[in-house]
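A.B. asks: need the 3D shape of this:
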Amino acid sequence: MSMVFVAAAVILSAATLALLLRPLLRAPRRDAPSRAEFDVRLYRDQLVEVERDAARGLLAPAEAEAARTEVKRRLLAAADAAGGGPAQGAGLPPVHRRWPLALALAVALPAASALLYIELGEPGSPDQPIAERRMREMLAGGTTTEQAASLEQATQQLEKRLEGRPDELGGWFLLGRSYLSLQRFPDAVRALARARALAPEDPDVVGAYAEAALAAAGGQVDATSREALTKLLALDPASPKARFLLALDKAQQGDLAAAMQGWVDLAAISAPDAPWLPMVREYLDQAGAQSGIDPTTLQPSPEALALAAAQREPAPASGGTAGQGAPPVAEAGGAGPNAADVAAAREMSPGDREQMIRGMVDRLAARLQEQPDDIDGWRRLARAWEVLGEPEKAAEARARVAALERR
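C.D. replies: Below is the predicted model:
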């Protein structure tokens with residue numbers, strides 16, 4: 001929360017309180033006329049007007065007499081109220097008795113406002129121009145035909161603002177996503193290339209750049225998108241976007257066997273309800289029909305098995321091996337690999353494979369330090385440490401699981 005915002009909130013709160021508390025703390029004016037006294041003056045003026053209109057012939061004698069009678073009746077009533085009625089300000093307690101109420105309002109209103117903002121607002125969010133906030137809302141929820149014009153206008157405003165801000169990562173990333181939504185693919189590539197230059201190791205930025213490059217190439221994986229997808233896979237080995245499109249790249253190059261292996265691996269590391277699984281299986285069936293390879297005979301690679309083990313808790317060991325017990329593609333992404341699969345994956349390459357698996361397990365451990373209540377994550381970590389031959393670390397993870405189960 002910026003100091004400018006805090007100062008503005010304090011000033012506005014003080015001004016609002018001053019307006020609210022002024023009537024409570026102000027003593028009534030003794031020289032001000034009461035409502036009855038004001039009415040007396042008004043009715044006297046009306047009598048003068050009636051006499052003037054009668055003299056001009058604007059009122060008939062009978063009408064003038066009726067008006068005089070009505071005004072005099074009201075004048076007498078007002079005079080009685082002015083003589084014996086309560087003075088202005090009567091009914092209110094003295095000023096010194098109103099101080100507790102004023103003090104309570106002065107404390108309660110700012111406190112309630114602050115609590116409401118903490119609950120509903122976003123104190124940690126950076127300032128955003130309203131046009132950019134609307135862009136983010138439209139991009140998050142999808143744009144309709146009616147919103148397209150608004151998005152185009154907001155995009156133009158963002159373009160102008162970024163002309164003097166070449167290092168604003170969030171702005172360039174948002175601009176690139178807006179271009180993608182508007183199907184201005186070359187512009188999206190340009191904007192996201194700027195964002196990628198500012199954050200070359202950010203998977204979201206690299207993935208958006210790859211998507212823009214792919215769209216600009218008409219859906220064909222070219223050298224630009226291939227490089228970005230390869231980088232994305234290095235940053236996020238479980239990225240479904242990178243794995244699916246790199247497999248599609250293999251298929252476009254005619255290597256259907258490699259493409260099918262890529263899709264089998266993606267299915268193996270995906271959750272059973274992952275929304276992309278139906279499309280993955282459809283592409284597998286098409287590639288299998290063209291190549292003559294039965295997809296159900298393909299097994300996930302050791303790398304995919306190890307990655308799946310680090311992402312979710314393995315099923316109970318069934319005694320299989322990497323080549324025998326791994327699930328076929330129809331079941332990939334279901335129960336997950338067993339301990340023997342992971343052990344076989346680890347032993348295939350004593351150097352790089354060990355380093356890869358430990359890197360994934362270390363990342364899981366680091367995430368759990370930030371999210372200590374993820375009981376499923378601790379279960380996965382305990383199992384992974386057991387597979388890697390780290391019984392002490394596995395015991396620590398099991399202890400965290402037991403502590404969470406007792407809550």
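A.B. asks: quick one: Leu169 and Pro200 touch, right?
C.D. replies: No. Judged on Cβ atoms under 8 Å, Leu169 makes no contact with Pro200 at a distance of 11.0 Å. Every C-beta, even on glycine, is put in place using the N, C-alpha and C of the backbone.
A.B. asks: comparing these two, which shows the higher neighbour count?
C.D. replies: Using other Cβ atoms under 10 Å as the criterion, Leu169 and Pro200 rank with Leu169 on top: 16 against 12.
A.B. asks: show me what contacts the closest residue to the more buried one other than its chain neighbours?
C.D. replies: Once its chain neighbours are removed from consideration, Leu169 has its nearest residue in Leu198; the separation is 4.5 Å (Cβ to Cβ, 6 or more residues apart in numbering). When contacts are counted by Cβ atoms under 8 Å, 6 or more residues apart in numbering, Leu198 is found next to 167, 169, 172, 205.
A.B. asks: list the helices and strands the helix or strand containing the third one packs on?
C.D. replies: Secondary structure from DSSP states H and E places Trp172 in helix 169-181. Packing contacts for helix 169-181, counted by 3 or more Cβ pairs under 8 Å, 6 or more residues apart in numbering; DSSP states H and E, involve helix 130-141, helix 145-162, helix 185-198, helix 203-216.
A.B. asks: one step back: do you know how far the residue nearest to Leu169 is from Leu158?
C.D. replies: 16 Å (Cβ to Cβ, to the nearest Å).
A.B. asks: try Ala366
C.D. replies: Remark: distance between Ala366 and Leu158 (Cβ to Cβ) = 35 Å.
A.B. asks: for Glu168, same thing?
C.D. replies: When distances are taken as Cβ to Cβ, Glu168 and Leu158 turn out to be 10 Å apart.
A.B. asks: then Arg52?
C.D. replies: Using Cβ to Cβ, which is the criterion applied here, Arg52 is 69 Å from Leu158.
A.B. asks: ok, those two, which is more surrounded?
C.D. replies: Neighbours around Arg52 and Leu158, counted as other Cβ under 10 Å, are more numerous at Leu158. The numbers are 20 against 11.
A.B. asks: okay, now the closest residue to that one other than its chain neighbours: neighbour count?
C.D. replies: For Leu158, ignoring the flanking residues on the chain, the nearest one in space by Cβ to Cβ, 6+ apart is Leu175 at 5.3 Å. Under the neighbour criterion other Cβ under 10 Å, Leu175 is assigned a count of 25.
A.B. asks: kindly report the same for Glu405.
C.D. replies: With neighbours defined by other Cβ under 10 Å, the count for Glu405 comes to 8.
A.B. asks: for stretch 393-407, buried residues please.
C.D. replies: Taking 16 or more other Cβ atoms under 10 Å as the neighbour-count basis, stretch 393-407 is seen to contain the buried residues 393-394, 397-398, 400-401.
A.B. asks: go through those and name the one nearest Gln220.
C.D. replies: Nearest to Gln220 among those, counting by Cβ to Cβ, is Ala397 at 45.2 Å.
A.B. asks: how close does the closest one get to Val205?
C.D. replies: According to Cβ to Cβ, Ala397 stands 33 Å off from Val205.
A.B. asks: can you redo the contacts of Leu198 as CSV with pLDDT and distance to Ala382?
C.D. replies: CSV is the format used below for the contacts of Leu198 (pLDDT from 0 to 100; distance: Cβ to Cβ, whole Å):
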residue, pLDDT, distance to Ala382
Asp167, 87, 44
Leu169, 88, 38
Trp172, 89, 42
Val205, 92, 34
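A.B. asks: wait, which of the residues you listed is closest to Leu109?
C.D. replies: Distance ranking of the contacts of Leu198 against Leu109, using Cβ to Cβ, places Leu169 first at 38.9 Å.
A.B. asks: that closest one and Arg184, how far apart?
C.D. replies: In this structure, Leu169 lies at 20 Å from Arg184, with Cβ to Cβ as the measure.
A.B. asks: what's the answer for Glu65, then?
C.D. replies: When Cβ to Cβ is applied, the distance between Glu65 and Arg184 equals 84 Å.
A.B. asks: the two: who's more crowded?
C.D. replies: Set side by side, Glu65 and Arg184 show more neighbours around Arg184, with 19 against 13, by other Cβ under 10 Å.
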